[in-house]
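1. what follows is a protein structure lacking sequence information:
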């Protein structure tokens, strides 16, 4: 009788452990995908800033109120991402 209870308990614990492991792995995969997307976004934003500066070599657009605010916004996003990345490392 005790052996049957122990066998049932072992089977239940094995199943729940396996199920939880699958869920954790799924969450880890989602986190890794999100990190890759964030890294790709950071690269795109940096290249956008570089390209905008290249186009605006005289600085006329960057000093303009409306376009300058776009430059500032993009810079803040990139610096924020870099600071967040430095804190994680």
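-> On my side now, so go ahead. Here the structure is a predicted model, which means the values were calculated and not measured.
2. what's the pLDDT at the residue nearest the centre of the chain?
-> Residue closest to the average C-alpha location in the chain (CA atoms, centre = their mean): residue 35, at 3.1 Å. pLDDT, residue 35: 93.
3. ok, it to residue 41 distance?
-> Separation of residue 35 from residue 41 (CB to CB, to the nearest Å): 11 Å. C-beta here means a position set from N, CA and C on the backbone, and glycine is covered the same way.
4. buried residues, stretch 73-85. List them.
-> 78, 81 (16 or more other CB atoms under 10 Å).
5. how about residues contacting it?
-> The contact list for stretch 73-85 (CB atoms under 8 Å, 6 or more residues apart in numbering) reads 38, 42, 45-46, 48-49, 52.
6. just the residues you listed: which are in helices?
-> Per DSSP state H, helices hold the following members of these: 38, 42, 45-46, 48-49, 52.
7. buried subset of the residues you listed?
-> Those of the ones in helices among the contacts of stretch 73-85 that meet the buried threshold are 42, 45-46, 49, by 16+ other CB under 10 Å.
8. okay if I get these as CSV plus pLDDT and distance to residue 75?
-> Shown next, in CSV, are these (pLDDT from 0 to 100; distance: CB to CB, whole Å):
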residue, pLDDT, distance to residue 75
42, 84, 12
45, 81, 9
46, 80, 10
49, 74, 7
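9. can you tell me which of these is closest to residue 11?
-> residue 42 (47.1 Å; CB to CB).
10. quick one, grab the pLDDT at residue 32.
-> At residue 32, the pLDDT value in this model is 96.
11. so which strand or helix has it?
-> Here residue 32 sits within helix 2-55, counting by DSSP states H and E.
12. work out the gap between that helix and the centre of the chain.
-> 11 Å (CA atoms, centre = their mean, to the nearest Å).
13. quick one on the thing from earlier: any chance of the ones in helices among the contacts of stretch 73-85 in JSON lines with distance to residue 10 as columns?
-> Below are these laid out as JSON lines (distance: CB to CB, whole Å):
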{"residue": "38", "distance to residue 10": "42"}
{"residue": "42", "distance to residue 10": "48"}
{"residue": "45", "distance to residue 10": "52"}
{"residue": "46", "distance to residue 10": "54"}
{"residue": "48", "distance to residue 10": "57"}
{"residue": "49", "distance to residue 10": "58"}
{"residue": "52", "distance to residue 10": "63"}
